[in-house]
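**Q** Predicted structure and sequence below. I'll ask about it afterward.
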Amino acid sequence: MTKLLELIPEYCVPRSNNGVKFDRIPVRPGINYQLTPLEVDKVIAHPDFQRYAANGSIKIIESVVDPLAIEIEPQAPLAANLELSGFKVGEGDEETGGIIRRTSTIAILDRWLEKETRKSVQGQLQRRIAAIKKGEI
């Protein structure tokens, strides 16, 4: 199973919208698919990693489905298991907040926003879209 790292800049102290570096290995906001397994192991072994993990700003993910890998063309409908209506509201990895946080494509977020009826999830989507457009992500 492949290990991936997810950086949540909202929880970083001090806040880091551009990501952080561990021995010159950049960890950017969101899930870091670009890191090799060796780089992930080096980051986990770094002395500062525990501080970031303790406050929840960085997480180790054992398995994850990349929503962009499932979508074949931009106009294609999302797979049934990636509709937000099937997930409960919250900030966990398998809840709406975690899914929204891992998605950085405005077209997908806009499509979810059009279909979403829950106010709290609409707010999460609007904040994520605004952050991407501002360049904070």
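**A** Okay, I see it.

**Q** Going by neighbour count, list what's buried in whichever strand or helix holds Val40.
**A** Using DSSP states H and E, the element containing Val40 is helix 37-45. Going by neighbour count (16 or more other Cβ atoms under 10 Å), the buried part of helix 37-45 is 39-40, 42-43. Where C-beta positions appear, they are placed from N, C-alpha and C, glycine not excepted.

**Q** For those, work out which two are farthest apart.
**A** Looking at these by Cβ to Cβ, the two members farthest from one another are Val40 and Lys42, with 7.3 Å of separation.

**Q** Can you find the helix or strand in the protein with the smallest mean pLDDT?
**A** For the chain, the helix or strand with the lowest mean confidence is helix 67-70, at a mean of 44 (criterion: mean pLDDT, DSSP states H and E).

**Q** Need the CA coordinates for the following helix or strand past it. PDB is fine.
**A** Downstream of helix 67-70, the first helix or strand assigned by DSSP H and E is helix 96-102. Extracted as PDB, the C-alpha positions of helix 96-102 are listed here (Å, rounded to 0.1, in the frame of the first residue of the first chain):
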ATOM      1  CA  THR A  96     -17.400  16.100   2.800                       C
ATOM      2  CA  GLY A  97     -14.700  18.400   4.200                       C
ATOM      3  CA  GLY A  98     -11.900  15.900   3.500                       C
ATOM      4  CA  ILE A  99     -13.100  15.300   0.000                       C
ATOM      5  CA  ILE A 100     -13.500  19.000  -0.800                       C
ATOM      6  CA  ARG A 101     -10.100  19.700   0.700                       C
ATOM      7  CA  ARG A 102      -8.400  17.100  -1.600                       C
END
